[in-house]
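In: mind folding the following:
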Amino acid sequence: MAAIEIGEFDMKSHKNERGTGIGVLSQIGGRAEFQPFVNLIEIAKGLSAIPAVIEISKDSRSLCSEKDTGLIVRNVVHESSPSPVRRALNYFKTQLISAYHIVSLSNKVNLWVFYMGDAMVLPTIAGRLTGKKVLLLLCGYTEMEIDFRNSPIEKIGKILKRLNLTLSNFIVVYSSGLERRWRLEKWRRKVVIGHEHFLDFDEFRIRKEYNQRDSLIGYVGRLSREKGILNFIHAIPSLSSHFHDLRFLIAGEGPLREDVERYLKEEDLEDRVRMVGWIEHEDLPRYLNDLRLVVIPSYTEGLPNVMLEAMACGTPVLATDVGAIPDVIKEGETGFILPDNSPESISERIMDVISSPCLSTVSEKALEQVHERFSYEKAVQGWRDMLEDVSRKY
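Out: Numbers count the residues shown, from 1 in each chain. All right, here's what the predicted structure looks like:
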C-alpha cells in the first residue's frame, strides 16, 4: 500500500506546504483532561504548519482560539440532559456536527487524531469517506470506566468503541503492554505507540528538598469510584493509629466529594486530612513539593499526568499496577507499586514506603527518568517516529 501522506509533510524538515496536515478531534469531559489535550495540540504544532482542532465541550468556551495563528478551530457544544433518551440524541447530534466539520476541513487535513473520542463513530466514517487517515488515541480503558458508572445508556458506548476500533486506521496507545491490558489483541496490526505527555520543567521542579518535607501523604485526582479514592480514605484510620504525625492531603473534585467528607467526619479525621478541592495547574507544583508521597490507587488509568508531575517535583509515587503505570514505575527504583488497591494493601504499603531508607534515592531516579523521557522534544520526536511507523505499515 502507498505510504501515508500528511499534506506535503516532510519528516525531516517538519514542513507542510499544502495544508494543515494534522487535525485533532477532542472530547473533553473534565478539567483534568485539559492539560493533556493542550499538550497534544502543542505536539501537533511541532509536526504540522497549522493544525486544525475540533473541540467538543460542554459550552462554547474553547481551550483553543483562532487568535492563535497556529490553529484552525471548530467548537462543538455538547448539550447535557438528565433524560437518558435525550442524552443519546444529543450525543448523536454532537457526532453529526463533528462529522460535518471533518468533511468541511478535508481540504486542509490529511490525518486525524481523535483524543478522548473512542466512540465517535460518525466522525471516523466521515474521515474515512473523505480519504483521510484516522488515529484513535486511547487515553484509558473506557470499558471499565463505563462499568463503574453503571449507566445502561452509557453501555452503548462500549459497542460504539469496538466499532470505532474496527473503522479507524490506527490505534495509538501509551505502551505495548496495553495491547493485552486493554484487550486490543483483535486489532493488533493497527496498534502503534505514542503519547501526549510532556512537562514544563521550569514549573515542575524541586522547590523544597525531600528531607525538608513534613510527613504529608497526598491524593491528587478525580473523586470518583474508579480512581480508588474511597479505598484511600478507608486506609487512613489504620495509618493514623500507627503514625501520629502523619497528615493527608486530598486534592480534586468529583461525584464522591460528599461521601469523602462524610466519612472523614464520621471517623473524626478532619484534623488529619486537608481537602483543597481542584488545584489549578500552575499551582500544582507548590502542593507536590510539600508531599512525601503521592498515592494513585486507581482501578484503571492511562498514563496519569500527576504521576509524572510528582516525579518531576522529586515526590515518590505509590500506584496500582494498571494502564501504563508499570512502564514508568519500577518497584523500589523509580517509585512503588501497590499489589492491589484494597484499603488494607494501601495502608500496609504506605507504612512500608514511608519507613524505607531509599526514598531519597527513588526520588532522584524518578526525577532523572521524567527528564529523560517526558520533555517536549521527546514527545514530538515520538510522534514523528510513530507517524513514520504508520507510513511503513499502511
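In: which residue ranges make up the domains of this structure?
Out: Listed by automatic domain parsing, the domain ranges of the chain are 21-198+375-393, 210-373.
In: mean pLDDT lowest where, among those?
Out: Ranked by mean pLDDT, those bottom out at domain 21-198+375-393, with a mean of 87.
In: returning to what we had before: indicate which one of the domains of the chain is closest to residue 204.
Out: Ranking the domains of the chain by proximity to residue 204 (Cβ to Cβ) places domain 210-373 first, at 3.9 Å. In short, each C-beta sits where N, CA and C put it, glycine included.
In: isn't residue 193 right up against residue 390?
Out: No: under the criterion of Cβ atoms under 8 Å, residue 193 makes no contact with residue 390, lying 10.8 Å away.
In: neighbour count for the two, which is higher?
Out: Remark: of residue 193 and residue 390, residue 390 carries more neighbours, 21 against 16, as counted by other Cβ atoms under 10 Å.
In: assumed that one was part of a helix.
Out: Yes: checked against DSSP: H, G, I helix; E, B strand; the rest coil, residue 390 lies within a helix.
In: OK, contacts around it?
Out: Residue 390 is in contact with 4, 133, 135, 169-170, 192, counting by Cβ atoms under 8 Å, 6 or more residues apart in numbering.
In: tabulate the domains of the chain in a markdown table, adding columns for distance to residue 204.
Out: Shown next, in a markdown table, are those (distance: least, Cβ to Cβ, whole Å):
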| stretch | distance to residue 204 |
| --- | --- |
| domain 21-198+375-393 | 10 |
| domain 210-373 | 4 |
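In: the host helix or strand of residue 93 - contacts with which helices or strands?
Out: In this assignment (DSSP states H and E), residue 93 forms part of helix 84-104. When contacts are defined as 3 or more Cβ pairs under 8 Å, 6 or more residues apart in numbering; DSSP states H and E, helix 84-104 packs onto strand 21-27, strand 52-57, strand 72-77, helix 121-129.
In: that older thread, as JSON lines, the contacts of residue 390 with neighbour count, secondary structure and distance to residue 282 would be great.
Out: Compiled in JSON lines, those are given as follows (neighbours: other Cβ atoms under 10 Å; DSSP: H, G, I helix; E, B strand; the rest coil; distance: Cβ to Cβ, whole Å):
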{"residue": "4", "neighbour count": "20", "secondary structure": "coil", "distance to residue 282": "37"}
{"residue": "133", "neighbour count": "21", "secondary structure": "strand", "distance to residue 282": "36"}
{"residue": "135", "neighbour count": "24", "secondary structure": "strand", "distance to residue 282": "30"}
{"residue": "169", "neighbour count": "20", "secondary structure": "coil", "distance to residue 282": "37"}
{"residue": "170", "neighbour count": "24", "secondary structure": "strand", "distance to residue 282": "34"}
{"residue": "192", "neighbour count": "17", "secondary structure": "strand", "distance to residue 282": "33"}
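In: closest to residue 351 out of these?
Out: Taking Cβ to Cβ as the measure, residue 351 lies nearest residue 192 of these, at 41.0 Å.
In: quick check: that closest one touching residue 385?
Out: No: counting by Cβ under 8 Å, residue 192 stays clear of residue 385, with 9.6 Å between them.
In: tell me where the stretch 251-394 of the chain has strands.
Out: 273-277, 293-296, 317-320, 336-338 (DSSP state E, counting those that start in this stretch).
In: before we move on, the earlier item: tell me which residues in the helix holding residue 93 are buried?
Out: Across helix 84-104, burial judged by 16 or more other Cβ atoms under 10 Å covers 87, 90-91, 94-95, 97-102.
In: contacts for the very next helix or strand once past that helix next, please.
Out: Next helix or strand after helix 84-104 toward the C-terminus (DSSP H and E): strand 109-115. Residues outside strand 109-115 that contact it (Cβ under 8 Å, 6+ apart) are 4-7, 9, 19-27, 36-37, 40, 44, 52, 102, 120, 123-124, 127, 132-137, 139, 168, 172, 196, 387.
In: just the buried residues of those.
Out: Buried among these (16+ other Cβ under 10 Å): 4, 6-7, 9, 19-27, 36-37, 40, 44, 52, 102, 120, 123-124, 127, 132-137, 139, 168, 172, 196, 387.
In: pretty sure residue 34 sits against residue 26.
Out: No: between residue 34 and residue 26 no contact is recorded; they are 10.0 Å apart, counting by Cβ under 8 Å.
In: show me where the stretch 151-300 of the chain has helices.
Out: 156-167, 178-181, 229-242, 257-266, 284-288 (DSSP state H, counting those that start in this stretch).
In: closest to residue 319 out of the ones you listed?
Out: helix 229-242 (11.5 Å).
In: quick one: distance of the closest one to the chain centre.
Out: Chain-centre distance of helix 229-242: 26 Å, with Cα atoms, centre = their mean, to the nearest Å.
In: buried sites along it?
Out: In helix 229-242, the ones that count as buried by 16+ other Cβ under 10 Å are 229-236, 238-240.
In: any chance of those in JSON lines, plus distance to residue 265?
Out: Listed next are the buried residues of helix 229-242 as JSON lines, based on distance: Cβ to Cβ, whole Å:
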{"residue": "229", "distance to residue 265": "16"}
{"residue": "230", "distance to residue 265": "15"}
{"residue": "231", "distance to residue 265": "18"}
{"residue": "232", "distance to residue 265": "16"}
{"residue": "233", "distance to residue 265": "11"}
{"residue": "234", "distance to residue 265": "14"}
{"residue": "235", "distance to residue 265": "17"}
{"residue": "236", "distance to residue 265": "13"}
{"residue": "238", "distance to residue 265": "18"}
{"residue": "239", "distance to residue 265": "18"}
{"residue": "240", "distance to residue 265": "15"}
